[in-house]
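Asks: Here is the input, now give the coordinates:
(chains A and B)
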Number of protein chains: 2
Amino acid sequence: MSGLIGLDWGTSSLRAYLLDGAGEIRETRTRPWGIRHLPDGGFDAALTDITADWPRFPQLACGMVGSRNGWLEVPYMDLPADTTQLGSTVHSLRAKDGLDVHIVPGLRNPQGPDVMRGEETQLMGALALRHDLAIHSNWILPGTHSKWASVRDGAVVDFCTLMTGELFALIRQHSILCAGPGDAAADADAFERGVIAARDSGAAGAFSRLFSARALMLDGGLEQPSVPEYLSGLLIGEELRSSLASNRFDHEAPFQLIGDAALCARYCQAASHFDIDLAEPLVDCAAYGLWQIARRVGLVNVSSSAASKEASSC
Amino acid sequence: MSGLIGLDWGTSSLRAYLLDGAGEIRETRTRPWGIRHLPDGGFDAALTDITADWPRFPQLACGMVGSRNGWLEVPYMDLPADTTQLGSTVHSLRAKDGLDVHIVPGLRNPQGPDVMRGEETQLMGALALRHDLAIHSNWILPGTHSKWASVRDGAVVDFCTLMTGELFALIRQHSILCAGPGDAAADADAFERGVIAARDSGAAGAFSRLFSARALMLDGGLEQPSVPEYLSGLLIGEELRSSLASNRFDHEAPFQLIGDAALCARYCQAASHFDIDLAEPLVDCAAYGLWQIARRVGLVNVSSSAASKEASSC
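Replies: Modelled structure (predicted):
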């Protein structure tokens, strides 16, 4: 029996996948043990716990576990990068239990500069799930630090980071814009108004409209509990406006989402106000990406892979 | 003997000016008693304390003291606005000591929408100090919520708010970008690099470059203690880029700063990377603006005013 233990190990959480010899996910486990929130015993204890009772398959990890503050610093690889190149620069460490842990490098874009760790592996998994997008496509991975990536011939050739999620959280928690009374309320209309304000901000950009949330509220045009939804629309809309205005992502090529379903749904709604179509997001891309890279490294050896089939999207 | 007590009463501080019958500032007092940080006894106690031993001159206030959370809510006046119009909508209240306090309205820009309270008075004072700018000029008032205003024929005809100062504070205190070890260090070069990154961000805008602070730091191209300076340059540069790109401020008309000398010096340095000249800031504009408006209201009555002379800039 052969297989792989895949680890998607980020700043705030750890996810472990048990994949069988055909690259199918057999089990998924999640713990709140990001590299900044490790349990007693650190990386070793976290890994031992999350893989308890699983077969002793090769272990391949991606994400912030390979950063300066991670388990082992794996230098960034410069663009362009495909599975072969990522596989050729995997680094390894010996855990206390005597087993090896292999770690995928992050990617560095010398233009910017910019960096990613973990998303490169998701992109490789997504391309295995969607062969049709390998030739030429654009990818959006929403989150605390959203990534936009451009793919050509199976390789990531460009990417940039938008701090949309972190800025929204900072403004939501600390700004005077959200300091009024009342709990936040779901308000699809307010979200939509924020998106449109961002789209219409033109070259000035939506941060020049941020204060409109307060002015609208004083005017009676926006209820205080709806301000966070308006700001969510404004910031996601700005991510779309800004990235499309950068001309780094060919509008003629398809755009595809990867990530959390609820967050991606906001991006789909926002995109309807721009001239791009966003399909439903792909899921479990990290697991499939780790599988693809493991094959290149020779950690697993199979002739046919379930992960290469078209996967259903959520 | 005649004169005026002018009060610049904002969210975080209270400044009182004693002006003589010629509109000259005789004394200035400052207390940390913004409308959110009042002493025991509230507005009345704050006013009694800060004006202790001063003559019982008429009292005119501007700023957040006229807001919904202030002493008396004075409705915003819609653009355009000059001293005559501001004077005609001053509201009054009777303090516990039996004396009247008159309060200048804030301004509302229906386009946006946008609002200001206090800056309209500073602008009126600045125009009295600089008659040559009354016909056609642009004004920048840097701060937590920076204001850019356009003046024609002595009236404010357009303005917008940029939340540069608040966003910088949020990122400085709470973002992962500034989470590294070491105290912040002065670094004029890092500031300059941030300004240039913002200028060169084009229509995408500088918020698409925010993460470059982290990537540069990981790359060794920026020391952690210099990150705040880089971000200060990036955000001030973005305020300039965004406002100039909005085409709301005629680049052919002069630009003039009002505000804190140290902060304005940053704007002057940043502006050298754009195609505008920024002269040294004007100071004590609130006091001269209150004097001008008080004359229109009839609170003071003089034929010649020292405040109408050209004032020295700092």
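
Asks: switch to C-alpha atoms for all contacts and neighbour counts from now on
Replies: OK.

Asks: Poorly predicted segments of chain A, please.
Replies: Counting by pLDDT under 70, the ranges of chain A that qualify are A:303-314.

Asks: tell me the domain ranges of it?
Replies: Annotated domains of chain A cover A:3-130+A:282-308, A:164-271 [automatic domain parsing].

Asks: Including distance to B:L60 and mean neighbour count, could the ones you listed go into a markdown table?
Replies: Putting the domains of chain A into a markdown table (distance: least, C-alpha to C-alpha, whole Å; neighbours: other C-alpha atoms under 10 Å in any protein chain shown) gives the following:
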| stretch | distance to B:L60 | mean neighbour count |
| --- | --- | --- |
| domain A:3-130+A:282-308 | 51 | 20 |
| domain A:164-271 | 24 | 20 |
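
Asks: quick one: which of these is nearest B:L47?
Replies: Between B:L47 and those, the shortest separation by C-alpha to C-alpha is 25.8 Å, and it involves domain A:164-271.

Asks: So which elements touch the longest helix along chain A?
Replies: Assignment by DSSP state H gives helix A:227-245 as the longest helix of chain A. Where contact means 3 or more C-alpha pairs under 8 Å, 6 or more residues apart in numbering or on different chains; DSSP states H and E, helix A:227-245 is packed against helix A:164-174, helix A:188-199, helix A:212-219, helix A:261-271.

Asks: For the residue nearest the centre of chain A, give me its contacts.
Replies: Closest residue to the average C-alpha location of chain A: A:L141 at 4.3 Å, with C-alpha atoms, centre = their mean. A:L141 makes contacts with A:119, A:147-148, A:257-259, as judged by C-alpha atoms under 8 Å, 6 or more residues apart in numbering or on different chains.

Asks: The same query, at a cut-off of 6 Å, please.
Replies: A:147, A:257-259 (C-alpha atoms under 6 Å, 6 or more residues apart in numbering or on different chains).

Asks: which parts of chain A sit against chain B?
Replies: A:113-114, A:162, A:203-204, A:208, A:212, A:215, A:242, A:245-246 (C-alpha under 6 Å from any C-alpha of the partner chain).

Asks: could you dump these to CSV with distance to A:D153?
Replies: Conversion of those to CSV gives the following (distance: C-alpha to C-alpha, whole Å):
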residue, distance to A:D153
A:P113, 23
A:D114, 21
A:L162, 24
A:A203, 32
A:A204, 35
A:S208, 38
A:S212, 43
A:A215, 48
A:S242, 25
A:A245, 24
A:S246, 22
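
Asks: of all these, which two lie farthest apart?
Replies: Using C-alpha to C-alpha, the residues of chain A next to chain B reach their maximum pairwise distance at A:P113 and A:A215, which is 36.2 Å.

Asks: re the thing from before, between the domains of chain A, which one is nearest to B:S137?
Replies: That would be domain A:164-271 among the domains of chain A, by C-alpha to C-alpha, at 20.1 Å.

Asks: Which stretches in the stretch 51-200 of chain A count as strands?
Replies: A:59-62, A:77-78, A:91-94, A:100-103, A:107-109, A:114-116, A:136-141, A:146-152, A:155-162 (DSSP state E, counting those that start in this stretch).

Asks: Against A:Q224, how distant is A:P181?
Replies: Distance, A:P181 to A:Q224, by C-alpha to C-alpha, to the nearest Å: 7 Å.

Asks: Please apply the same query to A:R296.
Replies: 53 Å.

Asks: Same question for A:P39.
Replies: From A:P39 to A:Q224 the distance is 39 Å (C-alpha to C-alpha).

Asks: what does A:C62 give?
Replies: 41 Å.

Asks: And A:D250, by the same measure?
Replies: Relative to A:Q224, and taking C-alpha to C-alpha, A:D250 is found at 38 Å.

Asks: And for A:W139, the neighbour number?
Replies: 22 (other C-alpha atoms under 10 Å in any protein chain shown).

Asks: ok, now which ones touch whichever residue of the stretch 1-150 of chain A sits closest to chain B?
Replies: The stretch 1-150 of chain A approaches chain B most closely through A:D114 (5.2 Å), counting by C-alpha to the nearest C-alpha. Residues counted as contacts of A:D114 (C-alpha under 6 Å, 6+ apart) are A:108, B:212, B:215.
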